[in-house]
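K.L.:
here are the coordinates; sequence isn't available:
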């Protein structure tokens with residue numbers, strides 16, 4: 001096998017050429033070349049590092065960034081800032097981070113078993129599991145089973161920080177001895193109607209905050225509890241959490257980041273202070289101007305994320321633009337639109353655009369949401385005029401628009 005240093009240099013050169021020729025960010029081409037020449041590069045590069053893996057259907061990028069900032073207050077840390085969470089993105093991150101002692105990696109749900117085997121992580125953070133792009137990804141239960149199997153292979157020193165509010169995450173992680181349970185009191189789960197253990201109807205409490213089954217499967221007792229902006233841990237220690245990113249999900253992610261940092265001996269107050277300064281992650285909640293309109297950019301990509309984003313956006317400006325595409329990265333099947341309750345848009349000035357604007361228009365009409373249709377974001381800005389508005393965009397539209405945020 002060739003030494004890794006010249007292979008990494010060659011991969012880095014390929015990435016640089018991709019950037020200067022404006023073919024892309026260079027991350028994927030660099031990572032793919034590295035894995036092509038050295039298939040076990042990730043395993044080799046991980047050996048002398050403490051690796052943290054973060055995965056879930058929603059919140060991966062934000063949580064990874066917040067953990068990075070919490071740890072960076074006292075450590076030399078690397079991460080995949082761009083959200084490149086597949087094989088090549090993980091390889092590229094490790095290839096350019098040889099001097100870092102800690103590496104925080106956002107990992108796609110389906111790539112998680114491979115990442116566990118290759119990196120031998122010190123910490124795994126499991127956020128949630130829900131329906132997402134079913135035309136190209138597995139059903140939720142299949143993903144949970146893959147996680148459950150992969151967790152049987154983790155090193156004995158590895159800690160799993162798991163969300164007790166999600167039955168699928170609980171089921172996947174419950175057999176591991178070194179697990180820390182986290183709760184933010186998330187209400188219900190739109191995909192968890194039956195028990196992951198035995199398949200019969202899962203019994204949810206009246207307030208939808210806990211669950212159990214006659215087979216014995218139930219919500220575990222959490223060690224860390226997030227209520228409002230207060231994080232309570234072992235021995236009733238309380239930490240006030242502040243985040244510049246709006247929404248209940250962002251607050252929960254900030255709480256998880258503080259817990260993750262504490263596992264690596266970072267003081268909770270110091271971690272909370274570092275997290276409080278993060279106002280935008282990879283374009284999320286960033287500001288951009290189109291025409292005379294100042295937009296705040298939000299990402300939504302599946303029913304659960306739309307539910308959270310619509311709730312957060314409802315506290316923002318009255319104007320809102322919805323952009324839905326159906327490319328491979330978005331998921332070509334838009335039937336998930338019918339699983340979203342768009343009623344939080346009532347009383348707002350709503351415009352829809354994107355490749356599937358007509359699909360979205362039909363859904364809003366059935367939900368009795370008055371709206372207009374625009375061919376482009378620029379046409380929508382003409383309608384909104386000199387005002388503030390939210391853009392809630394699906395994956396490909398979001399990443400196109402986020403480039404405008406990053407240039408500010």
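P.N.:
That came through fine. The model shown is predicted, which means the values in this text are computed figures rather than measured ones.
K.L.:
Please count neighbours and contacts with C-alpha atoms only from this point.
P.N.:
Fine.
K.L.:
ok, and what's touching stretch 340-357?
P.N.:
Outside of stretch 340-357, the residues within contact range by C-alpha atoms under 8 Å, 6 or more residues apart in numbering are 303-304, 306-307, 310-311, 314, 318-326, 360-361, 364, 367, 369-377, 380, 397.
K.L.:
Count the residues that sit near residue 5.
P.N.:
Neighbour count for residue 5, taken as other C-alpha atoms under 10 Å: 11.
K.L.:
what does residue 193 give?
P.N.:
Neighbour count for residue 193, taken as other C-alpha under 10 Å: 15.
K.L.:
I'd like to know how far it sits from residue 150.
P.N.:
Using C-alpha to C-alpha, to the nearest Å, residue 193 is found at 24 Å from residue 150.
K.L.:
how long is stretch 273-280 from one end to the other?
P.N.:
16 Å.
K.L.:
so how far is that stretch off the chain centroid?
P.N.:
Taking C-alpha atoms, centre = their mean, to the nearest Å, one finds the center of stretch 273-280 at 17 Å from the center of the full chain.
K.L.:
mean confidence for the helix or strand hosting residue 62?
P.N.:
When elements are assigned from DSSP states H and E, residue 62 belongs to helix 60-72. Helix 60-72 shows a mean pLDDT of 95.
K.L.:
Quick check: can you list the domain ranges of the protein?
P.N.:
The chain is divided into the following domains under automatic domain parsing: 1-37, 40-276, 287-406.
K.L.:
Just say which of the ones you listed is most tucked in.
P.N.:
domain 40-276 (a mean of 20; mean count of other C-alpha atoms under 10 Å).
K.L.:
Give me the subset of the contacts of stretch 340-357 lying in helices.
P.N.:
Members of the contacts of stretch 340-357 lying in helices (criterion: DSSP state H): 303-304, 306-307, 310-311, 360-361, 364, 377, 380, 397.
K.L.:
Include pLDDT and distance to residue 404 when you put the residues you listed into CSV, please.
P.N.:
Below are the ones in helices among the contacts of stretch 340-357 laid out as CSV (pLDDT from 0 to 100; distance: C-alpha to C-alpha, whole Å):
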residue, pLDDT, distance to residue 404
303, 87, 26
304, 85, 26
306, 92, 22
307, 89, 25
310, 95, 22
311, 92, 25
360, 96, 24
361, 97, 26
364, 97, 28
377, 97, 13
380, 97, 17
397, 95, 12
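K.L.:
out of those residues, what pair is the most spread apart?
P.N.:
Spanning the widest gap among those are 304 and 380, at 25.9 Å by C-alpha to C-alpha.
K.L.:
Helices of the stretch 51-200 of the chain, start to end?
P.N.:
Here the stretch 51-200 of the chain has its helices, by DSSP state H, counting those that start in this stretch, at 60-72, 87-95, 112-119, 140-151, 167-173.
K.L.:
Contacts for the second one next, please.
P.N.:
Put plainly, it is helix 87-95. Contact with helix 87-95 is made by 8, 27-32, 34-35, 41-42, 45-46, 78-80, 83-84, 103, 105, 107, 111, as judged by C-alpha under 8 Å, 6+ apart.
K.L.:
Could you measure from the closest residue in space to residue 306 that isn't next to it in sequence over to residue 311?
P.N.:
Leaving aside its sequence neighbours, residue 306 sits nearest to residue 300 (C-alpha to C-alpha, 6 or more residues apart in numbering; 5.1 Å). Separation of residue 300 from residue 311 (C-alpha to C-alpha): 12 Å.
K.L.:
dump the residue contacts of residue 276.
P.N.:
Residue 276 neighbours (C-alpha under 8 Å, 6+ apart): 241-244.
K.L.:
Could you single out the nearest of these to residue 22?
P.N.:
Nearest to residue 22 among these, with distances taken as C-alpha to C-alpha, is residue 244, at 32.3 Å.
K.L.:
Might one say that the closest one is in contact with residue 274?
P.N.:
No: at 11.1 Å, residue 244 does not count as touching residue 274 under the criterion of C-alpha atoms under 8 Å.
K.L.:
Can you pull the poorly scored residue ranges out of the protein?
P.N.:
1-2, 133-138, 188, 406-408 (pLDDT under 70).
K.L.:
hang on, isn't residue 395 packed against residue 302?
P.N.:
No: if you go by C-alpha under 8 Å, residue 395 and residue 302 don't touch, sitting 9.8 Å apart.
K.L.:
which residue sits closest to residue 303, ignoring its sequence neighbours?
P.N.:
The nearest residue in space to residue 303 (C-alpha to C-alpha, 6+ apart) is residue 340, at 5.3 Å.
K.L.:
ok, that neighbour to residue 47 distance?
P.N.:
From residue 340 over to residue 47 (counting by C-alpha to C-alpha), the distance is 43 Å.
K.L.:
give the contact list for the residue nearest to residue 306.
P.N.:
By C-alpha under 8 Å, 6+ apart, the contact set of residue 300 is 306, 309, 392-395.
K.L.:
would JSON lines of these with distance to residue 405 be doable?
P.N.:
As requested, the contacts of residue 300 are exported to JSON lines (distance: C-alpha to C-alpha, whole Å):
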{"residue": "306", "distance to residue 405": "21"}
{"residue": "309", "distance to residue 405": "19"}
{"residue": "392", "distance to residue 405": "14"}
{"residue": "393", "distance to residue 405": "14"}
{"residue": "394", "distance to residue 405": "16"}
{"residue": "395", "distance to residue 405": "15"}
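K.L.:
What is the most widely separated pair among those residues?
P.N.:
Most distant of the contacts of residue 300, by C-alpha to C-alpha, are 309 and 395, 13.5 Å apart.
K.L.:
Mutual contacts of those two, please.
P.N.:
Joint contacts of residue 309 and residue 395 (C-alpha under 8 Å, 6+ apart) are 299-300.
K.L.:
Residues in contact with stretch 201-210: which ones?
P.N.:
165, 185-188, 192-195, 211-213, 219.
K.L.:
ends of it, how far apart?
P.N.:
Stretch 201-210: ends 14 Å apart by C-alpha to C-alpha.
K.L.:
Next: stretch 82-98.
P.N.:
First residue to last in stretch 82-98 (C-alpha to C-alpha) measures 18 Å.
K.L.:
now stretch 220-232
P.N.:
End-to-end distance for stretch 220-232: 16 Å, by C-alpha to C-alpha.
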